[in-house]
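S.K.: Sequence and predicted structure, then a few things I'm wondering about:
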Amino acid sequence: MKVHFIAIGGSAMHNLAIALKRKGYQVSGSDDEIFEPSKSRLEREGILPGKIGWDPNLINGELDAIILGMHARQDNPELLRAQELGLHIYSYPEFIYNQTKDKKRLVIGGSHGKTTITSMILHVMDQLAIKTDYLVGALLEGFDCMVQLSDAPYIVIEGDEYLSSPIDRRPKFHWYAPHIGCISGIAWDHINVFPTFENYVEQFKIYTDKFEQNGVLVFYEGDENIISIVNQLRSDIQVRPYHTPDFEVRDGITYVTVQAGYNDEGQMTYREVALEIFGAHNLQNLMAAKLMLNEIGVRDDQFFDAIASFKGAAKRLEKIAENEFAVAYKDFAHSPSKLKATVSAVKRQYPKRKLIACMELHTFSSLKKEFLPHYFECMEEADEAIVYFSPDVVAHKRLEPITAEQVKEAFGTPNVTVYTNSDEITALLRKKEWKDANLLLMSSGNFHGVDLDAFAKELIH
């Protein structure tokens, strides 16, 4: 099968291209910009485009499929040529669905926790040697590609709610039709696409409407927006609610208490499981993963034995530097709910240490003046909270300018200081004493070109 990718350099797109190449497909692609690590990974697989830019001559009647990435525009010359020839043009999620119609689909949806839950499920399945395909949003330890398509009976899919393609304006997760699906939480995101919160919530309702017959919905029962959707479910869909499990933090390690079975007297016994991860939100993610795996026959004891070694997904409370007195984490947190949960998790894991939390307003939503009030008190648990944004990025996204004063007022707590120059932040952090103090770096970007791993190691020897 011959497949051509328009905008092959994207994070998801290049991983799918690699997966198809490994499956034996003839893969070609193009893009007007390809950055690392996509560039090197495509080159290693022998599918890096020979030149940068769009070329309609690459599109011909011998192609079996075109896969169109969000980075391309509706007037893309290759897209126009494919339409002219009447070729089958897939969005990324449409192609995934068509490749997995004969598999049991486990789909993880929600405004936060998707990558972590997906990663937990894959970690446990790997530990238990359960063969599965997957589509995940972050590179995982032990996996060299974020997509796999094979003859496995299952596929685990991170169900992103962003748009499918420039010509398919449906959210990606509307395509996947879960047999076992999850909603981890609903907090307004992608406001450039979903202009009201009600419109955003409606996308999750549509997601559940598309479950397979007799599907199973796993959901966080502490979210009233999810409950409103659960109350409207089709009668054939089964529900599996979860909450935060009992846990205790001792000497910087989180322990959960789980059932161990019955003793000779018929009484239930319990055991503690030490985890590599921490934070109430991550323990909720853990319970979501457990319930989804229960549905394919994984027992609780198998799950907890396997999950004990899970260290987390890349940039999801990822430890990047540590010594006896301090630790540094980086996290993808950028929305208010993610930000609040991540700050709280680190502070509660190390209550006797000072927490210096730095976050970058980088996404379209986070830099929009009307959205800033949603960040109210999100960083109140940090001892020092540093917020950074670049006026150049605001201008590049063609948004109304915002000021440091507006951002500080929006966050609403006296511990917050706002910067518009990242060099000032790195200089400030270099002067600090990192004894009994932790560093948390949160962004979907990199604070205007800072190598976060190297910088954290410089601070915390």
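M.R.: Cool, got the structure.

S.K.: Specify the local secondary structure of residue 9.
M.R.: Following DSSP: H, G, I helix; E, B strand; the rest coil, we place residue 9 in the coil state.

S.K.: again with residue 319
M.R.: What three-state DSSP gives for residue 319 is strand.

S.K.: ok, residues contacting the helix or strand residue 260 falls within?
M.R.: Residue 260 is part of strand 253-262 when elements are defined by DSSP states H and E. Outside strand 253-262, the residues within contact range by Cβ atoms under 8 Å, 6 or more residues apart in numbering are 245-249, 268-275, 277-279, 283, 286, 300-301, 304, 349. Yep, even glycine has a C-beta here, placed from its N, CA and C like the rest.

S.K.: now it: how far from the chain's centre is it?
M.R.: Strand 253-262 has its C-alpha centroid displaced from the chain centroid by 27 Å (Cα atoms, centre = their mean, to the nearest Å).

S.K.: Just checking, which helix or strand of this protein averages the lowest pLDDT?
M.R.: Every helix and strand of the chain was ranked by mean pLDDT, DSSP states H and E. The lowest is strand 253-262, at a mean of 89.

S.K.: So what are the sheet partners of that strand and their directions?
M.R.: Sheet pairing of strand 253-262 (DSSP bridges) gives strand 247-250 (antiparallel), strand 268-275 (antiparallel).

S.K.: Nearest to residue 414, out of the ones you listed?
M.R.: Residue 414 lies closest to strand 247-250 among the strands paired with strand 253-262, at 27.0 Å (Cβ to Cβ).

S.K.: Would you mark the buried spots in the least confident helix or strand of the chain?
M.R.: Residues of strand 253-262 classed as buried: 254, 256, 258 (neighbour count, 16 or more other Cβ atoms under 10 Å).

S.K.: Nearest to residue 94, out of those residues: which one, please.
M.R.: Using Cβ to Cβ, residue 256 is the member of those that lies nearest residue 94, at 38.9 Å.

S.K.: Now do the contacts for residue 378.
M.R.: Residue 378 neighbours (Cβ under 8 Å, 6+ apart): 336, 339-340, 343, 411.

S.K.: Please identify which of those is nearest to residue 212.
M.R.: Using Cβ to Cβ, residue 336 comes nearest to residue 212 of the contacts of residue 378, at 33.2 Å.

S.K.: what residues go with each domain of this structure?
M.R.: Following automatic domain parsing, the chain resolves into domains at 2-87, 92-313, 318-459.

S.K.: Any chance of the strands paired with strand 253-262 in a markdown table with mean pLDDT and distance to residue 370 as columns?
M.R.: Below are the strands paired with strand 253-262 laid out as a markdown table (pLDDT from 0 to 100; distance: least, Cβ to Cβ, whole Å):
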| stretch | mean pLDDT | distance to residue 370 |
| --- | --- | --- |
| strand 247-250 | 91 | 37 |
| strand 268-275 | 92 | 39 |
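
S.K.: So which of those strands is nearest residue 364?
M.R.: Proximity to residue 364 (Cβ to Cβ) singles out strand 268-275 among the strands paired with strand 253-262, at 34.4 Å.

S.K.: hmm, who's touching the closest one?
M.R.: Where contact means Cβ under 8 Å, 6+ apart, the residues beyond strand 268-275 that reach it are 248, 253-263, 286, 304, 307-308, 310.

S.K.: give me that answer again for 6 Å
M.R.: With contact meaning Cβ atoms under 6 Å, 6 or more residues apart in numbering, strand 268-275 is reached by 253-260, 262-263, 304, 308.

S.K.: Could you export those as CSV, including distance to residue 34?
M.R.: As requested, the contacts of strand 268-275 are arranged in CSV below (distance: Cβ to Cβ, whole Å):
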residue, distance to residue 34
253, 42
254, 40
255, 45
256, 43
257, 48
258, 46
259, 50
260, 51
262, 57
263, 60
304, 42
308, 39
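
S.K.: any idea how far the nearest residue to residue 313 once chain neighbours are set aside lies from residue 245?
M.R.: Nearest non-adjacent residue to residue 313, counting by Cβ to Cβ, 6 or more residues apart in numbering: residue 119, 4.0 Å away. With distances taken as Cβ to Cβ, to the nearest Å, residue 119 is found 18 Å from residue 245.

S.K.: ok, the two, which is more surrounded?
M.R.: Under the criterion of other Cβ atoms under 10 Å, the comparison of residue 119 against residue 245 puts residue 119 first, with 29 against 15.

S.K.: Tell me which helix or strand the most centrally placed residue in the chain sits in.
M.R.: Nearest to the mean C-alpha position of the chain, by Cα atoms, centre = their mean, lies residue 115 at 3.8 Å. For residue 115, the host element (DSSP H and E) is helix 114-127.

S.K.: which other residues reach that helix?
M.R.: Residues contacting helix 114-127 (Cβ under 6 Å, 6+ apart): 108, 132, 134, 136-138, 140, 156, 158, 285, 288-289, 293, 303, 306-307, 310, 313, 316.

S.K.: I'd like to know which elements the very next helix or strand once past it is packed against.
M.R.: Per DSSP H and E, the first helix or strand lying C-terminal to helix 114-127 is strand 132-135. Under the contact criterion of 3 or more Cβ pairs under 6 Å, 6 or more residues apart in numbering; DSSP states H and E, strand 132-135 touches strand 147-148, strand 154-158.

S.K.: Bridged to residue 328, which residues?
M.R.: Beta-bridge partners recorded for residue 328 (DSSP bridges): residue 321, residue 439.

S.K.: how much space between it and residue 350?
M.R.: Residue 328 sits 12 Å away from residue 350, going by Cβ to Cβ.

S.K.: before we move on, the earlier item: out of the helices and strands packed on strand 132-135, nearest to residue 73?
M.R.: For the helices and strands packed on strand 132-135, proximity to residue 73 was assessed by Cβ to Cβ; strand 147-148 is nearest, at 24.1 Å.

S.K.: State the distance from residue 49 to residue 151.
M.R.: Taking Cβ to Cβ, one finds residue 49 at 30 Å from residue 151.

S.K.: Of these two, which one has the most company?
M.R.: Counting neighbours by other Cβ under 10 Å for residue 49 and for residue 151 shows that residue 49 has the greater number, 19 against 9.

S.K.: so that one makes contact with residue 28?
M.R.: No. Assessed by Cβ atoms under 6 Å, residue 49 is found out of contact with residue 28, at 7.7 Å.

S.K.: I would like the residues contacting whichever strand or helix holds residue 39, please.
M.R.: Per DSSP H and E: residue 39 is located in helix 38-44. The list of residues contacting helix 38-44 from outside it, by Cβ under 6 Å, 6+ apart, reads 9, 14, 48.

S.K.: Could you identify the helix or strand that succeeds it?
M.R.: The helix or strand immediately downstream of helix 38-44 is strand 65-68, counting by DSSP H and E.

S.K.: Output that next one as PDB, nothing but the C-alphas.
M.R.: Extracted in PDB, the C-alpha atoms of strand 65-68 (Å, rounded to 0.1, in the frame of the first residue of the first chain):
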ATOM      1  CA  ALA A  65      -4.200   7.000   0.500                       C
ATOM      2  CA  ILE A  66      -3.300  10.600   1.600                       C
ATOM      3  CA  ILE A  67      -3.000  11.300   5.300                       C
ATOM      4  CA  LEU A  68      -3.600  15.000   6.000                       C
END
